[in-house]
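Novice: Based on what follows, work out the 3D shape:
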Amino acid sequence: MQPRISSLEEGKDETQKTQNQSKYFPSKPLKFLFLSAIFGFGFVILTLLTTRYFDFQSIMIQTRSQFNQSSDQQNEPINLSYWIEPPSNLTHGMTDEQLFWRALFVPKIKGYPFERKPKVAFMFLTRGPLPLHPLWEKFFEGHNGLFSIYVHTLPGYQLEFRRSSVFYRRQIPSKVAEWGKMSMCDAERRLLANALLDLSNERFVLLSESCVPLFSFPIIYKYLVESKYSYVGSFDDPGPYGRGRYNPRMSPEVKISQWRKGSQWFEVNRALAIKIISDTKYYPKFRDFCRPACYVDEHYFPTVLAIETPNQIANRSLTWVDWSRGGAHPATFGQKDVTESFIKRVLKGQKCKYNDEESSICFLFGRKFAPSTLEPLLRFASRGLFLN
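Specialist: As a prediction, this is how the structure comes out:
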C-alpha cells in the first residue's frame, strides 16, 4: 500500500478550514470577555427595571396620600378663621392691581363678629438693610398681637433675620421707588395694601430705615389707637416750593386753591388707608403732571386727603426731624450727636393738640438717625432716658 501524498490543493483546503474555524469560534479570552459583557448588560437592564418599579410604587403612595389629604380638606367646612386670619407668608404673586383689588374687600357692617384687638401696622420703606433693628426689637418686645410689620426694599434685596426676630419674613414684594417720583407713592400704597390684608390692622405708620421710636410701645400704641384723627401734614405753601409746583393741567380735579404740601411720613387709620389705595380720580393727575421739580410724595396724599377728608386729619406729622441746618433735606444725626441733652431736647418742650386738647407729646418717632447711633440709643434706652 502506498502512502497518501497531500496535494497543494488539499493543503490549501486545510488552511482555509482552520481559518474559518478561528473566525467563527474565538479564542478562550475573547469568549470570556464576550460572556462578561452580556452578563453586565443584563445586570444593568435588571437594575433599571427594579428602580423604575420602586419609583412607581413611591409615586403611587405619594399620590394616594395627597389625594386623601385633598379629600379631607374638601370635607372640612370653611369657618370664620379662613376669612379673618392674616396671611402667614407675605410673599405673593399678585400684581399691584390685583393686590389693591383684594385689599379693598371691606365689610359694610359696623363691628366684627369676633373679638378684634386693633393692631398698629409699622411699615418700613427702605432701600435695603434695617441697621437700627435691634432698637426696634427692644421696642416691640413683649407686645405680640398688638402690632404687625411690613418692609418694602429695593427689588432683589433679601433681608436676613433670625427666626426669633419680629422682622423675620416680613418683607413684601417690591418695585423700584425713586425719591420725588410717583414710584415712591406707589411703594407707600403697596405697603398700605399689604397691611390691609390683615383685618386687625387699624393704624398704619410709614417709617424709614433711619427712624427710631421716641417712647415706649404702650405709650405709642395708646396714642394711636385712641386718636380721633390721622396724622398727615397738609398746609398751603404760597411760595415756589408749594403753589409754585402746581400744574394748571391738574384742574378741574385739583385746583390751585386746593394744592397742599406735607411730610412724606404719615400715619393713618384704616378708613383713610382704604381711601388712599382706592383712589383713581386724582392718581392720574399727579402721575402725569407732578414731576420733578414737583416732588409728588410731598403733595399727593396731603392734597387728596385735604380735599376728601379735611376733618379727619390733624394737619401734622408724628415724625420729628431737624431742619435747622438748612438744605433740601433734614439733618442726619451721627453717634456724636446722640447725647443726654440731645435726647432731652427731642422729647421735651413739645406743644400740640391731641384729640382737640393740649398735649406735650407731639412726636412719636424721630428721623434721620445714622447706623452709628445704635449703640448710644440702646445705652440711653437701658438707662430709662429713651423708649420710656
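Novice: On the pLDDT front, check Pro87 for me.
Specialist: pLDDT for Pro87: 78.
Novice: what residues are up against it?
Specialist: By CB atoms under 8 Å, 6 or more residues apart in numbering, the contact set of Pro87 is 197-198. For glycine as for every other residue, the C-beta is placed from the backbone atoms N, C-alpha and C.
Novice: which element is it on?
Specialist: If you go by DSSP states H and E, Pro87 is not part of any helix or strand.
Novice: Please apply the same query to Ser148.
Specialist: Element membership for Ser148, per DSSP H and E: strand 147-152.
Novice: how far is that strand from where the chain is centred?
Specialist: Taking the mean of its C-alpha atoms, strand 147-152 sits 8 Å from the chain's own mean (CA atoms, centre = their mean, to the nearest Å).
Novice: Am I right that Glu298 is in contact with Gly262?
Specialist: Yes: in terms of CB atoms under 8 Å, Glu298 counts as a neighbour of Gly262; the distance is 6.6 Å.
Novice: Could you give the separation of the helix or strand just after the strand holding Ser148 from the chain centroid?
Specialist: Toward the C-terminal end, the helix or strand that comes next after strand 147-152 (DSSP H and E) is helix 182-196. From the chain centre to the centre of helix 182-196 is a distance of 11 Å (CA atoms, centre = their mean).
Novice: who does helix 182-196 touch, helix- and strand-wise?
Specialist: If contacts are counted by 3 or more CB pairs under 8 Å, 6 or more residues apart in numbering; DSSP states H and E, helix 182-196 sits against helix 96-103, strand 119-125, strand 147-152, strand 201-208, helix 270-278, helix 283-289, helix 300-308.
Novice: Output the ones you listed as TSV; include the columns mean pLDDT and mean neighbour count.
Specialist: Output for these, formatted as TSV (pLDDT from 0 to 100; neighbours: other CB atoms under 10 Å):
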stretch	mean pLDDT	mean neighbour count
helix 96-103	96	15
strand 119-125	98	24
strand 147-152	98	22
strand 201-208	98	23
helix 270-278	98	19
helix 283-289	98	17
helix 300-308	98	23
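Novice: now these in TSV, with distance to Thr319?
Specialist: Output for the helices and strands packed on helix 182-196, formatted as TSV (distance: least, CB to CB, whole Å):
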stretch	distance to Thr319
helix 96-103	24
strand 119-125	12
strand 147-152	17
strand 201-208	8
helix 270-278	17
helix 283-289	22
helix 300-308	14
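Novice: Out of these, which is closest to Ser234?
Specialist: Closest approach to Ser234 among the helices and strands packed on helix 182-196 (CB to CB): helix 300-308, 3.9 Å.
Novice: what ranges do the strands span in this protein?
Specialist: Secondary structure of the chain (DSSP state E): strands located at 119-125, 147-152, 201-208, 212-213, 267-269, 319-320, 352-354, 357-359, 365-366.
Novice: and Gln312, which of the ones you listed is closest to it?
Specialist: Of all those, strand 267-269 comes closest under CB to CB, at 7.9 Å.
Novice: tell me the mean pLDDT for that closest one?
Specialist: On average, strand 267-269 scores 98.
Novice: What helices and strands are in contact with it?
Specialist: strand 201-208.
Novice: what does the strand it packs on contact?
Specialist: Contacts for strand 201-208 (CB under 8 Å, 6+ apart): 118-126, 148, 188, 191-192, 195, 224-225, 227, 264-270, 273, 318-319, 365, 367-368.
Novice: can you list the strands of the chain in TSV and add distance to Glu340?
Specialist: Shown next, in TSV, are the strands of the chain (distance: least, CB to CB, whole Å):
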stretch	distance to Glu340
strand 119-125	27
strand 147-152	29
strand 201-208	25
strand 212-213	16
strand 267-269	28
strand 319-320	17
strand 352-354	24
strand 357-359	24
strand 365-366	15
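Novice: Out of those strands, flag the one nearest Asp337.
Specialist: Minimum separation from Asp337 across the strands of the chain (CB to CB) falls at strand 365-366, 11.4 Å.
Novice: That closest one pairs with which strands?
Specialist: Strand 365-366 has the following sheet partners, assigned by DSSP bridges: strand 212-213 (antiparallel), strand 319-320 (parallel).
Novice: Can you tell me which of the ones you listed is packed in deepest?
Specialist: Counting by mean count of other CB atoms under 10 Å, strand 212-213 has the highest mean neighbour count of the strands paired with strand 365-366, with a mean of 24.
Novice: from the middle of its chain, how far away would that strand be?
Specialist: From the chain centre to the centre of strand 212-213 is a distance of 20 Å (CA atoms, centre = their mean).
Novice: Show me the contact partners of it.
Specialist: With CB under 8 Å, 6+ apart as the contact definition, strand 212-213 has outside contacts at 132, 135-136, 139, 220, 364-367, 369, 373, 377, 387.
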